[in-house]
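In: Sequence first, then the predicted structure:
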Amino acid sequence: MMNSLRRGSRGSVFGRARSSVFAGLSAVVVMLLTGCQPTVSDRLQGYLEGEYVYVACPLSGAVEGLHVARGGQVEADDPLFTLESSLERAARDEAERRLTQARATLEDAKKGKRPSEIGALDASLKEAQAALELAEKELAREQSLWQAGASAQQEMDAACSARDQCRERVRSLEAELETARLGARADQVAAAEANVRALEAALTQAEWSLNQKRQSAPESGLVFDTLFREGEWVGAGRPVVVLLPPANIKLRVFVPEAQLARVQLGEVVQVFMDGVRESVPATVNFISPRAEYSPPMIYSRANREKFVYLIEAAFEGGIAVGLHPGQPVEVVLPVRHP
């Protein structure tokens, strides 16, 4: 019985050994058939994307002139396109004429009456002053005669009344002359000034509408596309030229959840492109707070490895001039030591 037990135990040991050998050989065969597993690369797949600038006019009109072509380069303030503007130009001219008329009316109101009218009032005043002087002398003579008993009370009263009438006439003409020199009333002048300001605002609006028919480049960049040709009608707000400034080319890469801690806002990542030996630096300016391509409900460790987060980065200086949207790139994240 002991011998049979020894043979049984020895057989089980040999059986386990043969199983281990067969398992190892099977693993080797699988590796040979499927190829050795490659080492995990630190490079992530990404691409370049452009944020385009759509240049449009807030007013409608036919394209009168297209000053750029697709694929060309423009500098800031370079003319892009011009829309037909005859109505806006006529409105601007009318606003200018109305403003000129209102300003002349305001100046006339401030000046008062004309010099000839003021001269006539001044002459009348001098005549009234002379009549008052004569009336005062006549009154003094009548007072002397009345005191001497040589004149009646009725003649004395008539001389006094004539003196008072001449005095009031002088006061009236003095007030008229002062008013004539002051010009229009204060409320009339204020109304004329308000009219001038309103017409100035109308002229500003007319000039703005006219200037909007001529659009220039807001910044330098590539003319990515032209959406209309000369002679075509463009609706209000419809873009005519599409620009791509170099600063608007950005990197987009999806980082796995396990590597998300390696990157932060403001850090620099290295970007590799086909045909370029050296890497290009890009500064991270956006990290999405939401995961994408994630399983709906189950958050196991295996499923968490499927989490990816969108990261965007901007290029500095003139690096982005030679880049193109849609270009595939590889990205190396900063290395963080534990």
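Out: Yes, it's here.

In: Can you tell me the strand partners of the longest strand seen in the chain and which way each runs?
Out: Looking across the chain with DSSP state E, the single longest strand is strand 280-292. Strand 280-292 sits in its sheet next to strand 268-273 (antiparallel), strand 308-314 (antiparallel), going by DSSP bridges.

In: So which of the ones you listed is nearest Glu176?
Out: For Glu176, the closest of these is strand 308-314, at 76.7 Å, according to C-beta to C-beta. Where C-beta positions appear, they are placed from N, C-alpha and C, glycine not excepted.

In: for the longest strand of the chain, which positions count as buried?
Out: Neighbour-count burial for strand 280-292 flags Val280, Ala282, Val284, Ala291 (criterion: 16 or more other C-beta atoms under 10 Å).

In: Equivalent analysis for stretch 73-85, please.
Out: So, applying 16+ other C-beta under 10 Å, buried residues of stretch 73-85: Val74, Leu80, Phe81, Thr82, Leu83, Glu84, Ser85.

In: what's near enough to touch the nearest residue in space to the last one that is not next to it in sequence?
Out: Among residues not flanking Ser85 along the chain, Lys213 sits closest, at 3.9 Å (C-beta to C-beta, 6 or more residues apart in numbering). Lys213 is in contact with Cys57, Leu59, Gly61, Thr82, Leu83, Glu84, Ser85, Glu88, counting by C-beta atoms under 8 Å, 6 or more residues apart in numbering.

In: Relative to Leu199, how far out is Lys213?
Out: 22 Å (C-beta to C-beta, to the nearest Å).

In: again with Glu75
Out: 37 Å.

In: and Pro79, what does it touch?
Out: Pro79 touches His67, Arg214, Gln215, Ser216, Ala217, counting by C-beta under 8 Å, 6+ apart.

In: any idea which helix or strand comes after the helix or strand bottoming out on mean pLDDT in the chain?
Out: The least trusted helix or strand in the chain, going by mean pLDDT, DSSP states H and E, turns out to be helix 2-34, with a mean of 43. Scanning forward in sequence from helix 2-34 by DSSP states H and E, the next helix or strand is strand 43-50.

In: Tell me the gap between stretch 85-105 and the middle of its chain.
Out: From the chain centre to the centre of stretch 85-105 is a distance of 27 Å (C-alpha atoms, centre = their mean, to the nearest Å).

In: no no, stretch 196-207
Out: On C-alpha atoms, centre = their mean, the centre of stretch 196-207 falls 21 Å from that of its chain.

In: Grab the CA positions of that stretch and hand them over as PDB.
Out: These are the backbone C-alpha positions of stretch 196-207, laid out as PDB (Å, rounded to 0.1, in the frame of the first residue of the first chain):
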ATOM      1  CA  VAL A 196     -27.800 119.900 -33.400                       C
ATOM      2  CA  ARG A 197     -26.900 117.100 -31.100                       C
ATOM      3  CA  ALA A 198     -29.600 114.800 -32.500                       C
ATOM      4  CA  LEU A 199     -28.400 115.500 -36.000                       C
ATOM      5  CA  GLU A 200     -24.800 114.800 -35.000                       C
ATOM      6  CA  ALA A 201     -25.900 111.400 -33.800                       C
ATOM      7  CA  ALA A 202     -27.800 110.800 -37.000                       C
ATOM      8  CA  LEU A 203     -24.700 111.700 -39.000                       C
ATOM      9  CA  THR A 204     -22.600 109.300 -36.800                       C
ATOM     10  CA  GLN A 205     -25.000 106.500 -37.500                       C
ATOM     11  CA  ALA A 206     -25.000 107.200 -41.200                       C
ATOM     12  CA  GLU A 207     -21.200 107.200 -41.400                       C
END
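
In: buried stuff in it?
Out: Val196, Leu199, Ala202, Leu203, Ala206.

In: Regarding the third one, what is its secondary structure?
Out: The three-state label for Ala202, taken from DSSP: H, G, I helix; E, B strand; the rest coil, comes out as helix.

In: so who does it touch?
Out: Ala95, Arg98, Leu99.

In: Adding distance to Ala320, neighbour count and secondary structure, write those residues out as a markdown table.
Out: Formatted as a markdown table, the contacts of Ala202 follow (distance: C-beta to C-beta, whole Å; neighbours: other C-beta atoms under 10 Å; DSSP: H, G, I helix; E, B strand; the rest coil):
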| residue | distance to Ala320 | neighbour count | secondary structure |
| --- | --- | --- | --- |
| Ala95 | 44 | 19 | helix |
| Arg98 | 50 | 16 | helix |
| Leu99 | 47 | 19 | helix |
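
In: Make sure Gly326 is actually in contact with Tyr47.
Out: Yes: using C-beta atoms under 8 Å, Gly326 is in contact with Tyr47, at 6.3 Å.

In: quick one, which of the two is more surrounded?
Out: Tyr47 (14 against 8; other C-beta atoms under 10 Å).

In: Fine, thanks again, bye for now.
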